[in-house]
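Asker: kindly return the folded structure for what I paste below:
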Amino acid sequence: MKCQKCGYCCQTLILEASYEDGKREPRIFTKGIMLNLDDPLEERLWSLNGTQEFPCIFLDLETNRCTIYKTRPQMCRDFEAGNDERCGLCDGKERLKVEA
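Answerer: Here you go, the predicted model:
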């Protein structure tokens, strides 16, 4: 199945970024929530708030597009939109809309 660009993955998956992701996209460090504070900096993760109540902080809620697509985290790069079992729940019928 081809990605329908509904934004479901960015609105519902728990999204975390690594230190390497933050080096590629510095806004991860300033906008994300740092997790595992006791770990060395290089091993820490940053939450991007990817839950139903809190969609990814880099998702444009008007367009359902990623505002950091070119520098997005590795987990987003590895996600096979349209092929992942967690994808396709919107069936491309209507883009999800989240109240800002």
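Asker: give me the pLDDT for the residue lying farthest from the centre of the chain.
Answerer: No residue in the chain has its C-alpha farther from the mean C-alpha position than residue 38, which lies at 23.9 Å (Cα atoms, centre = their mean). Looking at residue 38, its pLDDT reads 93.
Asker: element containing it, please.
Answerer: Using DSSP states H and E, residue 38 sits in no helix or strand.
Asker: and it, how far from residue 70?
Answerer: 32 Å (Cβ to Cβ, to the nearest Å). C-beta here means a position set from N, CA and C on the backbone, and glycine is covered the same way.
Asker: helix or strand right after the worst-scoring helix or strand of the chain on mean pLDDT?
Answerer: Least confident helix or strand, the chain: helix 8-12 with a mean of 83, by mean pLDDT, DSSP states H and E. Note on helix 8-12: by DSSP H and E, the next helix or strand toward the C-terminus is strand 16-18.
Asker: for residue 55, phi and psi?
Answerer: Phi and psi for residue 55, reported as degrees, to the nearest 10, are phi -60, psi 170.
Asker: and the nearest residue to it once chain neighbours are set aside, how close does it get to residue 78?
Answerer: Among residues not flanking residue 55 along the chain, residue 11 sits closest, at 4.2 Å (Cβ to Cβ, 6 or more residues apart in numbering). Residue 11 is 18 Å from residue 78, where distance means Cβ to Cβ.
Asker: tell me which of these two has more neighbours.
Answerer: residue 11 (22 against 8; other Cβ atoms under 10 Å).
Asker: any low-confidence regions in this structure?
Answerer: Of all residues in the chain, those with pLDDT under 70 make up the ranges 1, 50-52, 82-100.
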